[in-house]
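# Give me a model of this one.
(chains A and B)
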2 protein chains.
Amino acid sequence: MPERLPRQSEDFPAWYVEVVKQAGLAEHGYARGTQIIKAYGYALWENMQAALDRRFKATGHENLYFPLFIPQHMLEREAEHVEGFAPEVAVVTYGGGEELDEPLIVRPTSEAIIWSTYARWVQSYRDLPLLYNQWCNVVRWEMRTRLFLRTSEFLWQEGHTAHARAEEAREEALRMLEVYREVAEDELAIPVLTGRKSESEKFPGAVTTYAIEGLMRDGRALQCGTSHFLGQNFARAYDVRFLNAAGEQEYAWGTSWGFSTRMVGGVIMAHGDDAGLRLPPRIAPVQVVIVPIYRSDAERSEVLEAAARLHAALSGNGVRVRVDDRDQYRPGHKFNEWELKGVPIRIELGPRDVRADQAVVVPRAGGGKRPEATAAVIAGMAAWLEDVQRTLYREALDFREANTHEAPDLATMRDGIEGDGGLWVGPWCGDEECEHKVTEETRATIRVLPLDDDAAGTCVVCGRPATARAVWARAY
Amino acid sequence: MPERLPRQSEDFPAWYVEVVKQAGLAEHGYARGTQIIKAYGYALWENMQAALDRRFKATGHENLYFPLFIPQHMLEREAEHVEGFAPEVAVVTYGGGEELDEPLIVRPTSEAIIWSTYARWVQSYRDLPLLYNQWCNVVRWEMRTRLFLRTSEFLWQEGHTAHARAEEAREEALRMLEVYREVAEDELAIPVLTGRKSESEKFPGAVTTYAIEGLMRDGRALQCGTSHFLGQNFARAYDVRFLNAAGEQEYAWGTSWGFSTRMVGGVIMAHGDDAGLRLPPRIAPVQVVIVPIYRSDAERSEVLEAAARLHAALSGNGVRVRVDDRDQYRPGHKFNEWELKGVPIRIELGPRDVRADQAVVVPRAGGGKRPEATAAVIAGMAAWLEDVQRTLYREALDFREANTHEAPDLATMRDGIEGDGGLWVGPWCGDEECEHKVTEETRATIRVLPLDDDAAGTCVVCGRPATARAVWARAY
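So this is what the prediction gives:
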């Protein structure tokens, strides 16, 4: 029973909260900042997991599982890392009815425990590379919760690799960035910018943090996945050395990379409209819903029979399809509900359609409501779903292009960001002072420094020669 | 580089520890009782997950995710439940740098948090049934760790359903027991007994606990999965009421059911032999390994080319196959290593085989090492893998039958259990005193009370008329 949603243009945060609630994606948990991921939201995450996991395995990675609890002293060995995470950890002090000798940290990320272990697993260059990933929950204490986007506990995957050579590790970090880009664009239909983070935005303990960034429909950016080149930082902190082919001891080179349930929030905000979600077919839990329309009992059985036949045919073709045969709701109510839930294609089926051997096809994106012969519905569905997928990507790309601006100077940028937000691209000298000045004035941060951009021009803040072009935006 | 394993007959626990270590399945974590599940062990678990998840979905269940942290007061509402779990919980007392107002329990199981939530999700009989499952980690403090079998943190799935009628809930509990039986027998090749637990062995908060029990090769039983009929216990404790069709308020009826990474240990102990693991092909991470044999460089390239062709052909048929082309090890070393790792079928491929267009096929179970034409290897592999699957099941069933005994009296049972262990079946009066007497004298417990057995005869302890036939064994 969907209630009216707030309009995106009037109150985007309220729209988000209501869509998450009414579409049955998630709700708040009981402990501060936690969330309950409901079945519809979890199914979206499962489809993202499958898209990622397939690619991880195709690029030679194996899954494994490290413990949830990290002894406190273990987290403290990489200085930047502990400084970054110590303020937001949850700490176990009692176990089995007794106070523990050493407190246990509930993992905020697993570099510490994994590199402690790699120290035992790596002896020789023949043991390298280690190419591992784990799917798990992590905890980072949050005071201000936003379902999916910012929660104390979230689900993610974290890849952790170790290599014999620096270049090989850097290639790995970039390879996984490319996997993330592909999943974001091809599966989630979210166009993303790729690049590296500035020093002040990088992962605590990394040499370079690469990221993919998407633009949401309120003009704010969302970091969609990060891939870190760790250099030898964790190898030094946790003493991960190997004997190279020349018989010398060397520290290993590392990467880590993560993608989380936050991206369920990304899909909501990149594609949703005033009627609710619009889900990319490749990850939609339900790709097609058939809504039967009838008045009398005779019509009901006639229509439901036809719906069941169509369901079987589509399902047999690998389409995730559902018949909404609930008696207690009228068709109009169901249309609204499935629109809210973002199902890519709705099929309306009434007695006249059945007799004419047709159905009415209504795509959630791109328009084009029309009757189609039953045979065409069955034969054409895969292509029509791809149309919706392409439409969502195209619309998101058009939106990003319309909301990407050159920053001629700081004042213009401030006014623009204060207005409709969007991405602002401008030369930057590379100095943290200039970076902080922009953030103070605009509340925007550097989202990425694109890898292939040249550094022509002068810094929009200080006028000195630029060392990079920066993409600025307010971000989630 | 496998070292010699202890013989099972000499020291089964030492054999288990060494197999887990040498096969690369798991190792101890840093926090007490935790474990690191290594890639080969995790791949086994992934295959079990897929086998279960497919069946959960086919029986109408959806996955979702509830938080890791349960506020302490929430766990305390079902009296038996808190009594059962309170002594073994881990407690978070600090978060975000501050002491928490209320301690958070790291979930030992999720009935408390889920039924607290069902109270909000259930209003009317139309909201029922709720058929949900989650894949997650749970923590139960353990002082004595055994990798996979008994660890402070383990991975599992926990199903939690709510129903309008008692019979429907009981049917659900039995349906999921049947799913577990099917996965254990058809996928893990472990024959199991099904039945209910005695009052003293049931889940804290359940009305009836159903279980599947397997027999390990040292004569001890392993509980392989449990399914609980909760009655209205949790509905009353957490106030989960619904308006029935007659307009009256009723408490909902519940079930919960779980299957965990402990079953990786079950597979090791049900099938392993003195040479190491023997993995059922349906869940084996690697089903077929091709070991190339060569002396000269010319032979090497000839053999590796043929191995690659065979790999491609088998892989194209959906077989999980690997070529072991490591140069630093000799074939004999590789044979031992893959035997230790329990790969169902090994293929040996030397220059003479290549020239004769054949390969030597060596099944890990059932014998039958022989040369086969390459075409036969490709065409016959699926059936040969099924042969290994059937052989493992058959051997485990024969072993169980040979080690299942009628218990004429307590003394005979005690001597038998003290000797080779095994399952001892005897009439029981139903009295807890007699149950405890058996346990005191034999260290065996009632594993199951089979559902279809009649209760003829007299109690093996007190001689009063039996109310059930009990299956006794020492257990993990």
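# the strands in the stretch 251-400 of chain A, which residues?
With DSSP state E, counting those that start in this stretch as the definition, the stretch 251-400 of chain A shows strands at residue ranges A:253-260, A:288-292, A:321-323, A:345-349, A:358-363, A:370-373.
# any idea how far chain B is from the residue lying farthest from the centre of chain A?
With distances taken from the mean C-alpha point of chain A and given as Cα atoms, centre = their mean, the most distant residue is A:A298, at 46.9 Å. Distance of A:A298 to chain B, given as Cβ to the nearest Cβ, to the nearest Å: 25 Å. Glycine gets a C-beta too; all of them are placed from N, C-alpha and C.
# that older thread, now mean pLDDT and distance to A:E98 too, for the strands of the stretch 251-400 of chain A, in JSON lines please.
What follows is these, written out as JSON lines (pLDDT from 0 to 100; distance: least, Cβ to Cβ, whole Å):
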{"stretch": "strand A:253-260", "mean pLDDT": "98", "distance to A:E98": "34"}
{"stretch": "strand A:288-292", "mean pLDDT": "98", "distance to A:E98": "54"}
{"stretch": "strand A:321-323", "mean pLDDT": "98", "distance to A:E98": "51"}
{"stretch": "strand A:345-349", "mean pLDDT": "98", "distance to A:E98": "58"}
{"stretch": "strand A:358-363", "mean pLDDT": "98", "distance to A:E98": "60"}
{"stretch": "strand A:370-373", "mean pLDDT": "98", "distance to A:E98": "68"}
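# Which one of those lies nearest to A:Y132?
Distances from A:Y132 to each of these were compared using Cβ to Cβ; the shortest belongs to strand A:253-260, at 10.2 Å.
# can I have the closest one written out in CSV, keeping just the CAs?
What follows is strand A:253-260, C-alpha atoms only, in CSV (Å, rounded to 0.1, in the frame of the first residue of the first chain):
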residue,chain,number,x,y,z
TRP,A,253,53.6,-5.4,-2.2
GLY,A,254,49.9,-5.2,-1.5
THR,A,255,46.4,-4.2,-2.6
SER,A,256,43.0,-4.2,-1.1
TRP,A,257,39.6,-3.3,-2.7
GLY,A,258,36.0,-3.2,-1.5
PHE,A,259,32.5,-2.9,-2.7
SER,A,260,29.6,-2.8,-0.2
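# wait, does it contact chain B?
No. Against chain B, strand A:253-260 shows no contacts by Cβ under 8 Å from any Cβ of the partner chain, the least distance being 12.6 Å.
# Check which strands are paired with that strand and give the direction for each one.
strand A:153-163 (antiparallel), strand A:221-231 (antiparallel) (DSSP bridges).
# Could you single out the most deeply buried of these?
Sort those by mean neighbour count, taking mean count of other Cβ atoms under 10 Å in any protein chain shown, and strand A:221-231 sits at the top with a mean of 25.
# Following the chain past the helix or strand hosting A:A173, name the next helix or strand.
Taking DSSP states H and E as the definition, A:A173 sits inside helix A:166-182. Past helix A:166-182, further along toward the C-terminus, the next helix or strand under DSSP H and E is strand A:192-196.
# Distance from the chain centre to that following strand, please.
Strand A:192-196 has its average C-alpha position 14 Å from the chain's average C-alpha position, going by Cα atoms, centre = their mean, to the nearest Å.
# Could the C-alpha coordinates of that strand be exported in PDB?
Once non-C-alpha atoms are left out, strand A:192-196 reads as follows in PDB (Å, rounded to 0.1, in the frame of the first residue of the first chain):
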ATOM      1  CA  VAL A 192      31.200   6.200 -13.100                       C
ATOM      2  CA  LEU A 193      34.400   8.300 -13.200                       C
ATOM      3  CA  THR A 194      37.600   6.500 -12.400                       C
ATOM      4  CA  GLY A 195      40.600   8.000 -10.900                       C
ATOM      5  CA  ARG A 196      42.800   8.300  -7.800                       C
END
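# contacts for it?
Outside of strand A:192-196, the residues within contact range by Cβ atoms under 8 Å, 6 or more residues apart in numbering or on different chains are A:177-178, A:180-181, A:184-185, A:202, A:208-214, A:224, A:423, A:447-451, A:471.
# Could you break chain A into its assigned domains?
For chain A, whose domains are defined here by automatic domain parsing, the residue ranges read A:12-271, A:288-387, A:404-473.
# Buried deepest among those, which one?
For the domains of chain A, average neighbour numbers computed from mean count of other Cβ under 10 Å are highest in domain A:12-271, which has a mean of 21.
# if I pick the residue nearest to A:I345 when sequence neighbours are not counted, what's in contact with it?
Counting by Cβ to Cβ, 6 or more residues apart in numbering or on different chains, the nearest residue to A:I345 once its immediate chain neighbours are dropped is A:V288, at 4.8 Å. Applying Cβ under 8 Å, 6+ apart to A:V288 gives the contacts A:314, A:319-322, A:343-347, A:381, A:385.
# Any residues of the stretch 301-450 of chain A in contact with chain B? List them.
Taking Cβ under 8 Å from any Cβ as the criterion, the neighbours of chain B within the stretch 301-450 of chain A are A:Q328.
# picking up where we left off before, could the strands of the stretch 251-400 of chain A go into a markdown table alongside distance to A:G266?
Supplementary listing: the strands of the stretch 251-400 of chain A in a markdown table, determined by distance: least, Cβ to Cβ, whole Å:
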| stretch | distance to A:G266 |
| --- | --- |
| strand A:253-260 | 10 |
| strand A:288-292 | 23 |
| strand A:321-323 | 25 |
| strand A:345-349 | 22 |
| strand A:358-363 | 22 |
| strand A:370-373 | 31 |
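# Of all these, which one comes closest to B:A407?
Proximity to B:A407, assessed across the strands of the stretch 251-400 of chain A by Cβ to Cβ, is greatest for strand A:321-323 (53.1 Å).
# Now do that closest one: which elements does it pack against?
Using 3 or more Cβ pairs under 8 Å, 6 or more residues apart in numbering or on different chains; DSSP states H and E as the contact criterion, the elements in contact with strand A:321-323 are strand A:288-292, helix A:297-316.
# partner strands of the first one, parallel or antiparallel?
Strand A:288-292 has its sheet partners listed here by DSSP bridges as strand A:321-323 (parallel), strand A:345-349 (parallel).
# Which one, of those, ends up nearest to B:D218?
Counting by Cβ to Cβ, B:D218 lies closest to strand A:321-323 out of the strands paired with strand A:288-292; the figure is 49.0 Å.
# Now tell me what touches the closest one from outside.
If you take Cβ under 8 Å, 6+ apart as the criterion, strand A:321-323 is touched by A:286-290, A:292, A:304, A:307-308, A:311, A:314-315.
# one more time with 10 Å
The contact list for strand A:321-323, computed with Cβ atoms under 10 Å, 6 or more residues apart in numbering or on different chains, reads A:285-292, A:304, A:307-308, A:310-315, A:338, A:343, A:345, A:347, A:349, A:381.
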